[in-house]
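Student: got a predicted structure plus its sequence, pasted below:
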Amino acid sequence: MGQVSIRLNGYVYSVGCQDGEEHHLYSMARQVESWLQRARTLGGAASESKTLMMAALLMADEIFELKRRPIPDDMLATVEEAKAALRIAESRQARLAHLTQQVEGLAETLEKEG
């Protein structure tokens, strides 16, 4: 398990993460710090709690806008193609399992006769 130190709003925090996820955690911390900087810019010389509240609202606004954004047609087509490929793979897997059972049955019969 990894352990990283990140700095947010002037404070250093030790945060645990899965091995190999350290870079992702640092990237998220940089993003949060940028929202904190934007919140400080918008709020002037605000208290720490107001800065954190403004940063949380900025993050929530971005998430809200991302959720409202329509999915592009080409992405929807890609998702449909992936679903079709999964259905084909599942069908092939079921067919393979059926054939495996038949071969095992034949092998068992041959062993009894031989």
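Tutor: Nice, I can see it. Numbering: from 1, shown residues only.
Student: give me the pLDDT for the residue at minimal distance from the centre of the chain.
Tutor: Closest to where the C-alpha atoms of the chain average out (CA atoms, centre = their mean) is residue 24, at 11.2 Å. Among the per-residue scores, residue 24 shows a pLDDT of 92.
Student: can you tell me what sits against stretch 51-62?
Tutor: 9, 32, 35, 36, 38, 39, 40, 42, 43, 46 (CB atoms under 8 Å, 6 or more residues apart in numbering). Where C-beta positions appear, they are placed from N, C-alpha and C, glycine not excepted.
Student: which of those residues fall within strands?
Tutor: Assigned to strands by DSSP state E, none of these qualify.
Student: buried among those? Make that a PyMOL selection.
Tutor: Entered in PyMOL, the line below selects the buried ones among the contacts of stretch 51-62, by 16 or more other CB atoms under 10 Å:
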select buried, resi 32+35+36+39+40
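Student: returning to what we had before: distance check, the residue nearest to the centre of the chain against residue 30.
Tutor: Distance, residue 24 to residue 30, by CB to CB, to the nearest Å: 11 Å.
Student: so, low pLDDT: which residues of this protein?
Tutor: Scanning the chain for pLDDT under 70 picks out 45, 114.
Student: quick one: the helices in it?
Tutor: For the chain, applying DSSP state H gives helices covering 22-43, 48-68, 73-113.
Student: deepest-packed of those helices, please.
Tutor: Most buried of those by mean neighbour count (mean count of other CB atoms under 10 Å) is helix 22-43; its value is a mean of 15.
Student: and that one with helix 48-68, angle?
Tutor: 110 degrees (axes from the mean of the first three to the mean of the last three CA atoms, to 10 degrees).
Student: what is helix 22-43 packed up against?
Tutor: Counting contacts by 3 or more CB pairs under 8 Å, 6 or more residues apart in numbering; DSSP states H and E, helix 22-43 packs against strand 2-8, strand 11-17, helix 48-68.
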